[in-house]
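Undergrad: Here is my input; please provide its structure:
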Amino acid sequence: MSASGPVVVLGASGYLGSHVLRALLAAGHREVRAVARRPALVPPGSGIEVVRADLTEPGAAAAVVTGASAVIHLVADIDHTGGRGWRTAEGPAARDVPADPTLVAVLAALAERRCPVPVPVVWSGSVTQVGTRSTARVDGSEIDRPETGYDRRKCRAERLLRDAGRAGHIRAVALRLPTLYGPPAADGCPAGGGVVAAMVRLALDGEPLTLWNDGRITRDLLHVRDAATAVVRGLNVVASGRAWPVGGDSPVELGELFAKIAAVVATVTRTRPVPVQRVPTPEFATAEDLRSIEVDSAAFRRATGWAPRVGLDDGLRATVEHEVAARIAVR
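TA: Residues are numbered from 1 along each chain as shown. Prediction:
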């Protein structure tokens, strides 16, 4: 990484981005620029520079990466946390997906800088990019066969990063992350989406937790704080130019996970656990929804010394306690 200049975090106001800001400070980075469409909430007295920008606007990307010693790209490509918009039009017509405009703008801006030392770039992808495979285990040796427009778009972004790396404009690394969970970085920061957040909210509403299958499908969950630490550690392996799967390395069956969530909610709220029920698989479910995935992070661990620190039980309890406190605060 360059000796001077800020680490620029794009998408810094988001769920993961707000945690990454704090992870950078904890790792000793004193020059940090937080960039997002809405102002990022930063720790008081941290000295983090907050910049509000729409990277798709002409000149915006060039302005925010000026002087950057490194760039961490966490801008939401397609918003799939609040619905299923990214799961539509999955036929042949959806296969030629467009490139992420924010990444295109950032790479163009970095190319125009013509820095004597290529700028490190960390990109966040998804473990589901591998798509069709014969086993649940994902260790980075797979050939990508993405099945959704979302995953094809992520794969295309990685190709753009590799091309820019070969041209000498950047040194890039992609971290492919699984489902993230855990409370937000601070009050006022965005809460997470995903299966854990959805089921916690259902349980707190007294609703049954619904399984689309027999509950034996496994998922690899990663606490958002561990994910943020991994992103920061990714700055140490940008020279590799590769994509690294990063997970909690403790896969859990969905039936067991839902039962744990129901039990934790019951303990925290001093109520009876809500039931876990099987329901028909919805039409919008993808093949990936009905397939187990288990992430092997051994390579990333060896290269960086990183390891997940937050256990599932502790992480679930913290998630539930925060959601309960947030509901009380708005009453």
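
Undergrad: ok, the closest residue to S250 other than its chain neighbours - how many residues close by?
TA: In this structure, S250 finds its nearest non-sequential neighbour in L312, 6.3 Å apart by Cβ to Cβ, 6 or more residues apart in numbering. Bear in mind the C-beta positions are built from the backbone N, C-alpha and C, glycine included. Neighbouring residues of L312 were enumerated by other Cβ atoms under 10 Å; the total is 18.

Undergrad: ok, which stretches of the stretch 151-300 of the chain are strands?
TA: Counting by DSSP state E, counting those that start in this stretch, residue ranges of the strands within the stretch 151-300 of the chain are 170-177, 179-181, 209-211, 218-219, 221-223, 243-245, 252-253, 276-278, 294-295.

Undergrad: Show me what the last one is packed against.
TA: Of the remaining helices and strands, those touching strand 294-295 by 3 or more Cβ pairs under 8 Å, 6 or more residues apart in numbering; DSSP states H and E are strand 137-138.

Undergrad: same thing with the third one?
TA: Based on contacts counted as 3+ Cβ pairs under 8 Å, 6+ apart, the elements that strand 209-211 packs against are helix 194-204, helix 254-269, strand 276-278.

Undergrad: repeat that with 6 Å
TA: Under the contact criterion of 3 or more Cβ pairs under 6 Å, 6 or more residues apart in numbering; DSSP states H and E, the helices and strands touching strand 209-211 comprise strand 276-278.

Undergrad: Disregarding flanking residues, what is the spatial nearest neighbour of R327?
TA: L204 (7.0 Å).

Undergrad: thinking again about what came up before, nearest to V330, out of the strands of the stretch 151-300 of the chain?
TA: Relative to V330, the nearest member of the strands of the stretch 151-300 of the chain by Cβ to Cβ is strand 179-181, separated by 21.4 Å.

Undergrad: Show me the contact partners of that closest one.
TA: G192, G194, V196, R219, L221, L222, V224, A227 (Cβ atoms under 6 Å, 6 or more residues apart in numbering).

Undergrad: residue contacts, the first one?
TA: Right, the one you point to is G192. The contact partners of G192, by Cβ under 6 Å, 6+ apart, come to Y15, L180, Y181.

Undergrad: ok, the nearest residue to G215 once chain neighbours are set aside - how many residues close by?
TA: By the measure of Cβ to Cβ, 6+ apart, the closest residue to G215 outside its immediate chain neighbours is G255, 2.3 Å from it. For G255, the neighbour count with other Cβ under 10 Å is 18.

Undergrad: Over to D187?
TA: When neighbours are defined as other Cβ under 10 Å, D187 has 11 of them.

Undergrad: Distance of it relative to S18?
TA: In this view, D187 and S18 are 11 Å apart by Cβ to Cβ, to the nearest Å.

Undergrad: Could you look up the SS state of P58?
TA: Here P58 takes the coil state, with states given by DSSP: H, G, I helix; E, B strand; the rest coil.

Undergrad: before we move on, what about the one 3 residues further on?
TA: Remark: A61 carries the secondary structure label helix [criterion: three-state DSSP].

Undergrad: quick revisit: kindly state which of the strands of the stretch 151-300 of the chain is positioned closest to R37.
TA: strand 179-181 (20.3 Å).

Undergrad: Look up the closest residue to V32, ignoring the ones flanking it.
TA: Across the structure, with Cβ to Cβ, 6+ apart as the measure, the residue nearest V32 apart from its sequence neighbours is I48 (4.7 Å).

Undergrad: Equivalent analysis for T56, please.
TA: If you skip the residues right next to it in sequence, T56 has P101 as its closest partner in space, 5.0 Å away by Cβ to Cβ, 6+ apart.

Undergrad: what does the model give that neighbour for pLDDT?
TA: The model reports P101 with a pLDDT of 90.

Undergrad: Can you report how many residues lie near it?
TA: Using other Cβ under 10 Å, P101 is surrounded by 13 other residues.
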